[in-house]
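Engineer: Just the structure for this:
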Amino acid sequence: MFRSFRLAAALFVVSCAVLLSPTLTAQDAPGAPPQPLTLDLQGALQLARQQAPALEARRLRLEEARGLLDEASLPFASDPELELGAGRRHAPDSHDRSTDWSIALRQQLEPAGRRDARIGAAASEVEAERAAGGDALRTLLEGVAERHLRARHAHERRLVLEESRDLAQAALDVARRRAAAGDAGAMEEQLAVVGVAHAAGEAARAQADEALDVAELAMVLGLPPDSRLELTGPLAWPLPEALRGSPEDALGAASSRGDLAELAAHVAQAEAEVDLAEAEGRPGFGVSVGYERDDGDRVATLGLDVGLPLFGRGGGLRASAAARASRLRGELAALRNAVQQDVRGAWEAWRLLDAAGAAPNADVAVALAEAERLARRRFEAGDLGLLDLLDVRRELRTAQLARLDRLLDVALAGLQLSARSGLLTEGRVP
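Structural biologist: Numbers count the residues shown, from 1 in each chain. Next up is the predicted model:
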């Protein structure tokens, strides 16, 4: 009995270990292909925020600018200088000898306003890099979303063409049966063979297009070369309600776009550089304090150095900085105008495409599908020729593909409106 109890306990422990241990999947086996990564639209955008190489480069550039700001915020532009000296004194007509020494500490001071201008220029560079990072995020998310939508469109298109290929194969089987029974001629069978080959070629091309779109998305996301992606989700872009009312709503959101903020920060930086150039024309100062032994006497000294800007008055630097600031102000005004025109055009394009996409396309597709079913039944019964059946299927396939194209157009138009309005940034993706 005791042995039976031990055997039962051992079996119980083994069973628990098997149930609680991680299951060995095909991914754990050496040499097995990796498990696919399933991503919907929001998942792809979130993954892009986390690990896209382009964003990592922008973060490093921001850290560089912050380091320069820390350097510019130091109390003095240069370190203090410590000067030490010593020497032997020997009079020619005397045997007296003595040792003289000196110690002095000097600190150079900047002209008035130079430190504030230097800090302002460095702070503006930090703001410019931060805004550039936000604009890079907007551009990245737009590219990721566009590739995801195009890949989903290619997937749906492939399904339509594969269904058309299967229907063509079924029609070929019926044509062969009718030819064997003597109800149809050899030409009808050959037409069915050509139809199968054509449908198979279109399905293969659609599969290749989908593979390329998925590979481009994986490349932008920075995924490993052996990764496998499976994309899910509807062929649609969730446009925010704040952009649906009027183009003025989109224009109000676009005023805080990253590229506008970046250029405005560069304008502020150029203006700070103008102040810095003006400070270069002012005299600089230096103070020193020292103590020395001179011929047996102890002497304490206090010194003041005053720079004389006779030649380096900063005139060329002021002119260059002022011209740069004027140029950047003009570029900022032109960019604001271009953004407004761009946003208005994107909103109008979305409105037109969305109105066209709201038409009863699904009812048309259902009607054509029913027509195809009835035509196939008549073809199998011998009441309809193969050419008529092919015409019906061609119309059905054209309607289905056109509907997918319209869905993609509406989705891309909504995506472009969101991106150009500046709402496609971290925390504000619909």
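
Engineer: alpha carbons only for contacts and neighbour counts from here, please
Structural biologist: Will do.

Engineer: and Asn337, what element?
Structural biologist: Using DSSP states H and E, the element containing Asn337 is helix 315-357.

Engineer: elements contacting that helix?
Structural biologist: Judged by 3 or more Cα pairs under 8 Å, 6 or more residues apart in numbering; DSSP states H and E, the packing partners of helix 315-357 are helix 247-254, helix 258-280, helix 386-420.

Engineer: can you rerun that using 6 Å?
Structural biologist: Under the contact criterion of 3 or more Cα pairs under 6 Å, 6 or more residues apart in numbering; DSSP states H and E, helix 315-357 touches helix 258-280, helix 386-420.

Engineer: Would you mind listing the outside residues contacting the first one?
Structural biologist: Spelled out, that is helix 258-280. The contact list for helix 258-280 (Cα atoms under 6 Å, 6 or more residues apart in numbering) reads 111, 113-114, 117, 120-121, 124, 128, 131-132, 134-135, 314, 317-318, 321-322, 325, 328.

Engineer: if you set the cut-off to 7 Å instead, what comes out?
Structural biologist: 111-114, 117-118, 120-121, 124-125, 127-128, 131-132, 134-135, 313-314, 317-318, 321-322, 324-325, 328-329, 332 (Cα atoms under 7 Å, 6 or more residues apart in numbering).

Engineer: Give the buried subset of those as a PyMOL selection command.
Structural biologist: Buried subset of those, written as a PyMOL selection, criterion 16 or more other Cα atoms under 10 Å:
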select buried, resi 111+112+114+117+118+120+121+124+125+127+128+131+132+134+135+313+314+317+318+321+322+324+325+328+329+332
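
Engineer: Which parts of the stretch 51-200 of the chain are strands?
Structural biologist: Remark: strands assigned in the stretch 51-200 of the chain by DSSP state E, counting those that start in this stretch are 81-90, 97-109.

Engineer: now the ones you listed in JSON lines, with distance to Arg282 and mean neighbour count?
Structural biologist: Shown next, in JSON lines, are the strands of the stretch 51-200 of the chain (distance: least, Cα to Cα, whole Å; neighbours: other Cα atoms under 10 Å):
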{"stretch": "strand 81-90", "distance to Arg282": "22", "mean neighbour count": "12"}
{"stretch": "strand 97-109", "distance to Arg282": "12", "mean neighbour count": "16"}
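
Engineer: Out of those strands, the one nearest Glu63 is which?
Structural biologist: Nearest of the strands of the stretch 51-200 of the chain to Glu63, taken as Cα to Cα: strand 97-109 at 28.3 Å.

Engineer: The closest one - contacts with which helices or strands?
Structural biologist: Applying 3 or more Cα pairs under 7 Å, 6 or more residues apart in numbering; DSSP states H and E, we find strand 97-109 packed against strand 81-90, strand 285-294.

Engineer: any idea of the pLDDT on the residue nearest the centre of the chain?
Structural biologist: With distances taken as Cα atoms, centre = their mean, Leu140 lies nearest the centre of the chain, 1.8 Å away. pLDDT, Leu140: 90.

Engineer: any idea how far it is from Glu56?
Structural biologist: Separation of Leu140 from Glu56 (Cα to Cα, to the nearest Å) stands at 12 Å.

Engineer: related to what we said a few turns ago, save the helices and strands packed on strand 97-109 as TSV, and put in mean pLDDT and distance to Arg344 too.
Structural biologist: As requested, the helices and strands packed on strand 97-109 are arranged in TSV below (pLDDT from 0 to 100; distance: least, Cα to Cα, whole Å):
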stretch	mean pLDDT	distance to Arg344
strand 81-90	82	61
strand 285-294	86	56
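
Engineer: related to what we said a few turns ago, could you dump the strands of the stretch 51-200 of the chain to a markdown table with distance to Ala180?
Structural biologist: Listed next are those as a markdown table, based on distance: least, Cα to Cα, whole Å:
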| stretch | distance to Ala180 |
| --- | --- |
| strand 81-90 | 106 |
| strand 97-109 | 105 |
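
Engineer: Of all the ones you listed, which one is nearest Leu243?
Structural biologist: strand 97-109 (54.3 Å).

Engineer: what's the spacing between that closest one and its chain's center?
Structural biologist: Taking Cα atoms, centre = their mean, to the nearest Å, one finds strand 97-109 lying 59 Å from the centre of the chain it belongs to.

Engineer: That strand pairs with which strands, parallel or anti?
Structural biologist: Using DSSP bridges, strand 97-109 pairs in its sheet with strand 81-90 (antiparallel), strand 285-294 (antiparallel).

Engineer: possible to save the ones you listed as a markdown table with distance to Ala48?
Structural biologist: Putting the strands paired with strand 97-109 into a markdown table (distance: least, Cα to Cα, whole Å) gives the following:
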| stretch | distance to Ala48 |
| --- | --- |
| strand 81-90 | 50 |
| strand 285-294 | 52 |
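
Engineer: Tell me which of the helices and strands packed on strand 97-109 lies nearest to Ser418.
Structural biologist: Closest among the helices and strands packed on strand 97-109, using Cα to Cα: strand 285-294, at 54.6 Å.

Engineer: residues of that closest one that come out buried?
Structural biologist: 285, 288, 290-293.

Engineer: Retrieve the pLDDT associated with the residue nearest to Trp237 when sequence neighbours are not counted.
Structural biologist: With Cα to Cα, 6 or more residues apart in numbering as the criterion, Trp237 has its nearest non-adjacent residue at 4.7 Å, and that residue is Ala411. Looking at Ala411, its pLDDT stands at 92.

Engineer: Would you tell me which helix is longest in the chain?
Structural biologist: The longest helix of the chain (DSSP state H) is helix 114-180.

Engineer: Tell me the gap between it and the middle of its chain.
Structural biologist: 12 Å.
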